[in-house]
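Asker: A predicted structure for the sequence below; I have some questions about it.
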Amino acid sequence: MPKAKQTEKRLWARVKNKLGDEQTLMGKHWSFNLYDDPKRLAFVLSRYKFAAKMISRRECILELGCSEGIGAPVLSEFALSYLGVDLDGNAIDAAKHNLASDKLKFILDDFLGKKYGKFDAVVSLDVVEHIVAENEQLFFDAFNNNLAEDGIGIIGTPNAVAKSHASPTSERGHVNLFDMDRLRKEMQKIFHNVFVFGMNDEIVHTGFSPMAHYILAVGCNKKNRVKT
């Protein structure tokens with residue numbers, strides 16, 4: 001073997017020895033997405049990256065509708081604790097198998113109207129569009145009631161105006177779509193300050209909202225906070 005190739009092999013061996021023995025077995029949800037449309041993984045992780053930047057170094061994080069927990073390591077990078085809740089048993093099993101630790105906890109539950117504590121940040125991405133209109137208020141109640149008085153809340157969802165571009169699979173599951181104005185109004189019921197963003201693929205922007213395929217609302221300064 002040529003000397004240069006031997007050097008490359010030794011260098012790679014040094015890297016490989018640091019990889020450890022951890023392996024991830026994706027659940028049904030992300031296994032399907034990986035094979036059906038792998039770009040979606042990049043898009044979803046970009047949403048989590050944006051949310052993580054917005055919540056910054058919050059200590060205690062709750063994710064409503066965490067699925068397999070794929071965003072948990074991103075959201076909780078600087079946190080002391082993270083709790084993910086979802087009603088999909090297979091997804092929670094996958095999250096526990098791959099990620100559960102002293103820092104990351106996952107529970108199987110229908111979170112609508114439920115309270116799990118007071119969290120510095122509550123995040124819910126790609127969830128509210130799956131909540132039927134009759135239960136919509138229970139979703140926002142859970143979002144609000146689990147958030148600490150000085151907490152930050154983030155909701156992300158596909159933009160209703162982009163429905164014509166949705167895949168057949170998305171159309172079957174998306175029963176309650178929001179446009180930017182509607183999402184802003186719901187968030188303004190909870191927060192004094194609401195900032196809305198559009199997203200196309202991995203790019204976050206504040207441009208013309210009907211051109212955005214995805215929308216995100218960041219809320220802070222709760223309206224029902226206790227004055228001191």
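Answerer: Here it is on my side, so go on.
Asker: list the contacts for Gly173?
Answerer: Glu129, His130 (Cβ atoms under 8 Å, 6 or more residues apart in numbering). For the C-beta atoms, the positions are set from N, CA and C on the backbone; glycine is no exception.
Asker: quick one: it and Ile131, what's the gap?
Answerer: According to Cβ to Cβ, to the nearest Å, Gly173 and Ile131 sit 11 Å apart.
Asker: now do Leu147
Answerer: Separation of Leu147 from Ile131 (Cβ to Cβ) stands at 18 Å.
Asker: who has more neighbours, the two?
Answerer: Counting neighbours by other Cβ atoms under 10 Å for Leu147 and for Ile131 shows that Leu147 has the greater number, 24 against 19.
Asker: do you know how far the more buried one is from Val175?
Answerer: Taken as Cβ to Cβ, the span from Leu147 to Val175 is 25 Å.
Asker: cool, His97 as well?
Answerer: Taking Cβ to Cβ, one finds His97 at 29 Å from Val175.
Asker: which residue is nearest the centroid of this protein?
Answerer: The residue lying closest to the centre of the chain (Cα atoms, centre = their mean) is Leu125, at 4.1 Å.
Asker: state the pLDDT value of that residue.
Answerer: Note on Leu125: pLDDT of 98.
Asker: likewise Val226?
Answerer: At Val226, pLDDT is 50.
Asker: same check, this time on Ser167
Answerer: pLDDT, Ser167: 67.
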